[in-house]
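Asker: Fold the following for me, if possible:
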Amino acid sequence: MSLPRNTTVLIVGAGPTGLASALSLINHGFKDFVVVDALVKGDNSSRAIVIHAATLEALDVIGCGDELVSKGTKLTSMNFDTRTGILARLPFDTLKPYTRHPYGLVIPQTLTEHVLVQKAASLGVAVHRPHKVVGMKVNADDTNLADITFEDGQVITTRYVIAADGARSTVRTIAGIGFVDPKSDRGHEFTTLAQLAPADVTFDNPVSNNFAFRGVMSKNNFFLCASLPPTFNEYLAKETGKPVEDRIFRVACGAPIEEGPVPHAPSKAYIQNLIDRFGPLDLSSDPSVNPSGKSVSIKEIIWSSRVRTHSAVADTFFTRLPLNDSSKTEGAAILLVGDAAHIHSPIGGQGMNLGLRDAVFLGEVLAKHIKATESIPVSEADHILTDFVVERRTRALEVIGFTKKLLSVGGMKETVVAWWLPISKVTLRDWALWILGKIYYLRRQVIWNMSGLGRR
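Answerer: This next block holds a predicted model:
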């Protein structure tokens, strides 16, 4: 596809954050942008599966909230158990006084992206594929512009670049922005969950269809199983031509690091082994262990992958391209959103949520900056962007800290508290979770933190 030669804003990446950026710009009356993506087609892997209340409110602003809700399943509580019993039930209804979305919305990322694509298309937004950025330099005639070069040799000249091109962002790398783990007192030395194996599966026994979400705490590991909405089956049938009749579940489990790295696409046997070792006994494939006396086995793997739970944040979410080899930055504005700006553990379902809020809020701020530069110098208007990215980076650091705490709880190491208190940390954690489930204020606080309403 031939690219336009000029645009005011170039959005690199057409995943959820890139599309949300485009929709937010339109919502604020700005349409002079181009969206490009390196892939021939959008990603069909489901990856993120929960949209929280604060994100749904942001998506309401760009006209996508109701459509997403219609395609997802409202999660009314999060249930945490041991392999054999109940620990805590954390209901979302404590959010009712604060939002019109007092629930978590279970919806695979592919469906989220599909809704955003359809909304963008209805407003005349085209995604130019496949176009991979390979270079950026300051325009020779106007230092406020940048020439963005693509793999096929085409060039777009632009004033702003929104980098929504993921954790391995080409734009961020070319711009020379650092991307490192913000060290804290809750690093990976406090958890056994350095790597996870997520998969979308069906089971051969309908007994397993009786729950929406459950997290299972075990010694040195954490297992999750969530029921995906029937609309996902419909979407897959349409996209692949292969109908899936059974309910699809997302499972995810820590994979012991001492057993080596998780395969790129874990097999049915690999995932089944993790379920049998770390999942609830009522999902065991061994009938002698399963309380029902029957085997519950994976019938089909729809998708599987591997995830490292490391964290990283960009040194800044806004910079300008340097002039040649000079450290002076006067070129086009480079703005980072989503995984290009921050990554962290998927525990807690915060990653895509934070990225979507970045994108929706950026649209308003960028439209304001563009308007301001019509009457004042760019250098004076830049405080609009600087103030915004400082706030968003602070939010990212808060979320990274939060997910590291969740990792340390879910991946609690099986050691004693101290020589003078010879109680297992795992036992103490389970007691604490049981107490948490009994105290209203503590339950509300956990759900509040998950919802994002306190750190939009």
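
Asker: Secondary structure class of residue 35, three-state.
Answerer: Classification of residue 35 using DSSP: H, G, I helix; E, B strand; the rest coil returns strand.

Asker: my read: it touches residue 123, true?
Answerer: No. Between residue 35 and residue 123 there is no contact under C-beta atoms under 8 Å: 11.7 Å. Where you see a C-beta, it was placed from the backbone N, CA and C, and this is true even at glycine.

Asker: quick one: which of these two has more around it?
Answerer: residue 35 (24 against 14; other C-beta atoms under 10 Å).

Asker: In contact with residue 119, which residues?
Answerer: 19, 23, 62, 63, 64, 67 (C-beta atoms under 8 Å, 6 or more residues apart in numbering).

Asker: What is the nearest of those residues to residue 177?
Answerer: Of all these, residue 177 sits closest to residue 19, with 22.5 Å by C-beta to C-beta.

Asker: ok, and the closest non-adjacent residue to that closest one?
Answerer: Nearest residue to residue 19, sequence neighbours excluded (C-beta to C-beta, 6 or more residues apart in numbering): residue 116, at 4.0 Å.

Asker: so residue 82 sits right up against residue 430, yeah?
Answerer: Yes. Contact between residue 82 and residue 430 holds when scored by C-beta under 8 Å: they sit 6.3 Å apart.

Asker: Quickly list what's touching both of those two.
Answerer: Residues touching both residue 82 and residue 430 (C-beta under 8 Å, 6+ apart) are residue 217.

Asker: Comparing those two, which residue is more hemmed in?
Answerer: residue 430 (20 against 17).

Asker: Hmm, residue 83 and the more buried one touching each other?
Answerer: No. Residue 430 is beyond contact range of residue 83, at 10.9 Å (criterion: C-beta under 8 Å).

Asker: those helices in the chain, which residues are they?
Answerer: Here the chain has its helices, by DSSP state H, at 16-27, 53-61, 65-71, 109-122, 170-175, 230-240, 268-278, 351-372, 378-410, 425-436, 440-451.

Asker: Quick one, which of those gets closest to residue 151.
Answerer: Across the helices of the chain, residue 151 has its closest neighbour in helix 170-175 (10.1 Å, C-beta to C-beta).

Asker: and the residue nearest to residue 19, what does it touch?
Answerer: With contacts defined as C-beta under 8 Å, 6+ apart, residue 116 is in contact with 16, 19, 20, 23, 64.

Asker: Make a ChimeraX selection of the buried ones in those.
Answerer: Command for ChimeraX that selects the buried part of these, burial taken from 16 or more other C-beta atoms under 10 Å:
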select :16,19,20,23,64
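
Asker: Including distance to residue 250, could the contacts of residue 116 go into a markdown table?
Answerer: What follows is the contacts of residue 116, written out as a markdown table (distance: C-beta to C-beta, whole Å):
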| residue | distance to residue 250 |
| --- | --- |
| 16 | 17 |
| 19 | 22 |
| 20 | 22 |
| 23 | 26 |
| 64 | 22 |
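
Asker: Just give me the closest of the contacts of residue 116 to residue 442.
Answerer: residue 16 (31.8 Å).

Asker: that older thread, any shared contact partners between residue 430 and residue 83?
Answerer: Counting by C-beta under 8 Å, 6+ apart, residue 430 and residue 83 have no shared contacts at all.

Asker: what's the distance between the residue nearest to residue 19 and residue 354?
Answerer: 16 Å (C-beta to C-beta, to the nearest Å).

Asker: Repeat that for residue 289.
Answerer: 39 Å.

Asker: which of the two has more neighbours?
Answerer: Using other C-beta under 10 Å, the more surrounded residue of residue 289 and residue 354 is residue 354, with 29 against 13.

Asker: need the contact list for that one.
Answerer: Applying C-beta under 8 Å, 6+ apart to residue 354 gives the contacts 338, 342, 395, 396, 399, 452.

Asker: Now render these as JSON lines, adding pLDDT and distance to residue 77.
Answerer: Listed next are those as JSON lines, based on pLDDT from 0 to 100; distance: C-beta to C-beta, whole Å:
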{"residue": "338", "pLDDT": "96", "distance to residue 77": "28"}
{"residue": "342", "pLDDT": "96", "distance to residue 77": "28"}
{"residue": "395", "pLDDT": "95", "distance to residue 77": "26"}
{"residue": "396", "pLDDT": "95", "distance to residue 77": "28"}
{"residue": "399", "pLDDT": "94", "distance to residue 77": "22"}
{"residue": "452", "pLDDT": "94", "distance to residue 77": "17"}
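
Asker: filter the residues you listed to the buried ones?
Answerer: 338, 342, 395, 396, 399, 452.

Asker: Enumerate every residue touching the nearest residue to the last one once chain neighbours are set aside.
Answerer: If the residues on either side of it in the chain are set aside, residue 452 comes closest to residue 54, at 3.3 Å by C-beta to C-beta, 6+ apart. Counting by C-beta under 8 Å, 6+ apart, residue 54 touches 99, 353, 357, 451, 452, 453, 455, 456.
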